[in-house]
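# Structure for the following, please:
(one chain, ligands or ions: 2)
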Amino acid sequence: MKVKLPYENDTIAAIATAQGEGGIAVIRISGPQASNIINKMFHDDAGTDSSKRGSHHLYHGRIKDPDTGAVVDEVLCTLMKAPNSYTGENVAEIHSHGGYLVPKKILELLIKHGARPADPGEFSLRAFLNGKMDLAQAEAVSDVINAQTEEGLKQSEMQLEGVLSQRIASFKDVVLDLLAEIESQVDFPEEDIDPLVKKDLISRTESLITDILSLLATYEEGRIIKYGVITTILGKPNVGKSSLLNSLLMRERAIVSHQPGTTRDFIEESIDIRGIPLKLIDTAGIRTATDHIEKTGIELAKKKAREGELLIAVIDGSTALDQDDKEVLSEINDKNAVLVVNKSDLGLTVSDKELESYIQRDRIARTSAKKSTGIEELKDIIQSSLINRENYSKDGEIILTELRHKSALENSVESLGAFLKTFKSGESPEFSALDLRVALSSLGEITGEVTTEDVLGRIFSKFCVGK
Ligand SMILES: Nc1nc2c(ncn2[C@@H]2O[C@H](COP(=O)(O)OP(=O)(O)OP(=O)(O)O)[C@@H](O)[C@H]2O)c(=O)[nH]1
Ligand SMILES: [Mg+2]
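Ligands and ions are numbered 1, 2, ... in the order given. Sure, this is the predicted structure:
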């Protein structure tokens, strides 16, 4: 989306619900002409004069084509007058019957009578521009819609509530205080700063840097929770890869058979492991195959393993390691990997000692995919291989999920570091104040006080239409 500031305040409309079969659909319109346009086509049951209809009331009635008088649908309609609406403008919502045709017809009527089709995210963009929410909150709207796990949703809801924004505001307060004190010195350039005051300013800056760094450390977890991890299951034929997939999913998704070479193509499934969304890929067993289709499947399996962020290598622990297993284990290399020693119910013959040269002991899980044992331990190992335990957030703590926020915080730490350096070396207060101003502006980028048309365009174009 191209955003041009200042924003032209026309009237936009879109279908806000997912297209397709459904009980109801919501068509939304926002802007100065919203009520005029709605009043041309909505007729409530009581025949109320449109000027007498209350704001934030739900009216039952009909949408009629203003040109022909033909009834389009029986609907519920509400008008939310500015500034008390999502966008801060006049907003109307029509709740019509669902499906493809009815909402499309209503949207066409709105457009014919003066509205413009909304761009993706344009309602939220307007909400941001009209001060209804800050930029971090607006970003959270799309995160709530796209959340893949309960944990991801919880984080997005917290960000939407403004928890991250408050944290950033508390950082900004510290910088503003520092700035006020430093700038008060500008008027007395001939006097040196009291050493006690200087010491205090330094220690406040240092503790601010520590606080920002501790928020930055949560990004590892945040990124994973938001975007998920592509995870490939790799192993020679018949070791139980598909059984393991089924066991993790707790349903019979993939075909399992005693015949080696059962899985040919790869199978992709999403799963929530301890709050982490994994895209789990079951692949064809790795061996020296002669069959063309199987060979292609094996090449694909290796490719998937190299592309994935996490590798789950599987061996049959009830039999000795052979050349095919060793080839699979060689794929671990320097990858983030977990090793599953499967078929533990048959008794394990492969020892840790044999596996040590391939992988650390704490990355080895012993399972029986057939009996679903060892699966919880495997989940623990997957979780700890993705998120460093020390960085794990405490319950209810906000974490960083957005690269944009991470970069801005890193920049602010850099500027605070530069401030410390110049300030400690006794540079003029005016000079050190400059770095504090840059730090403040980096923090302001997160909540959107400092922003550009480009940044806004990039953020809101990722939204769906109607949000
Ligand atoms: N006893 C025992 N048998 C298992 C276990 N896991 C899988 N099997 C059996 O091993 C055979 C192969 O299982 P699959 O899950 O199809 O193996 P795979 O690794 O996907 O095999 P390919 O798709 O051919 O590469 C089946 O007969 C499974 O029932 C286990 O933990 N214990
Ligand atoms: Mg299989």
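# need the longest strand for this structure.
strand 71-80 (DSSP state E).
# contact partners of that one?
Here strand 71-80 makes contact (C-beta atoms under 8 Å, 6 or more residues apart in numbering) with 34-35, 38, 41-42, 44, 53, 55-65, 86, 90-97, 102, 105-106, 109. In this view, the C-beta of every residue, glycine as well, is placed from N, C-alpha and C.
# Give me the pLDDT for the residue nearest to residue 149 when sequence neighbours are not counted.
Spatial nearest neighbour of residue 149, excluding adjacent residues (C-beta to C-beta, 6 or more residues apart in numbering): residue 272 at 4.4 Å. At residue 272, the pLDDT value in this model is 92.
# Quick check, residue 272 in contact with residue 225.
No: taking contacts as C-beta atoms under 8 Å, residue 272 lies outside contact range of residue 225: 10.1 Å.
# Please spell out the segments of the stretch 301-450 of the chain that come in under the pLDDT threshold.
Along the stretch 301-450 of the chain, segments meeting pLDDT under 70 span 389-393.
# swap the cut-off to 90 and go again
Residues of the stretch 301-450 of the chain meeting the criterion pLDDT under 90: 333-334, 348, 351-354, 356, 387-397, 426-432, 450.
# all helices of it, in order?
Assigned by DSSP state H, counting those that start in this stretch, the helices in the stretch 301-450 of the chain fall at 323-330, 352-355, 375-386, 403-424, 429-447.
# now the last one, how far from the centre of its chain.
Chain-centre distance of helix 429-447: 28 Å, with C-alpha atoms, centre = their mean, to the nearest Å.
# That one packs against which elements?
Here helix 429-447 touches helix 135-146, helix 163-186, helix 403-424, going by 3 or more C-beta pairs under 8 Å, 6 or more residues apart in numbering; DSSP states H and E.
# Just checking the distance from the first one to the centre of its chain.
What separates the centre of helix 135-146 from the centre of its chain is 8 Å, taken as C-alpha atoms, centre = their mean.
# Report all helices and strands that that helix contacts.
Against helix 135-146 (3+ C-beta pairs under 8 Å, 6+ apart) you get helix 122-129, helix 150-161, helix 163-186, helix 429-447, helix 453-460.
# thought residue 228 was touching residue 273?
No: Residue 228 sits out of contact with residue 273 when judged by C-beta under 8 Å, with a separation of 10.1 Å.
# Next up, the contacts around residue 267.
Neighbour list for residue 267: 242, 245, 253, 254, 281, 282 [criterion: C-beta under 8 Å, 6+ apart].
# So what sits opposite it in the bridge?
Applying DSSP bridges to residue 267 gives these bridge partners: residue 282.
# where do the strands sit along the stretch 151-300 of the chain?
229-235, 267-273, 276-282 (DSSP state E, counting those that start in this stretch).
# Would you point out which residue of the stretch 251-400 of the chain is nearest ligand 2?
residue 263 (3.0 Å; C-beta to the ion).
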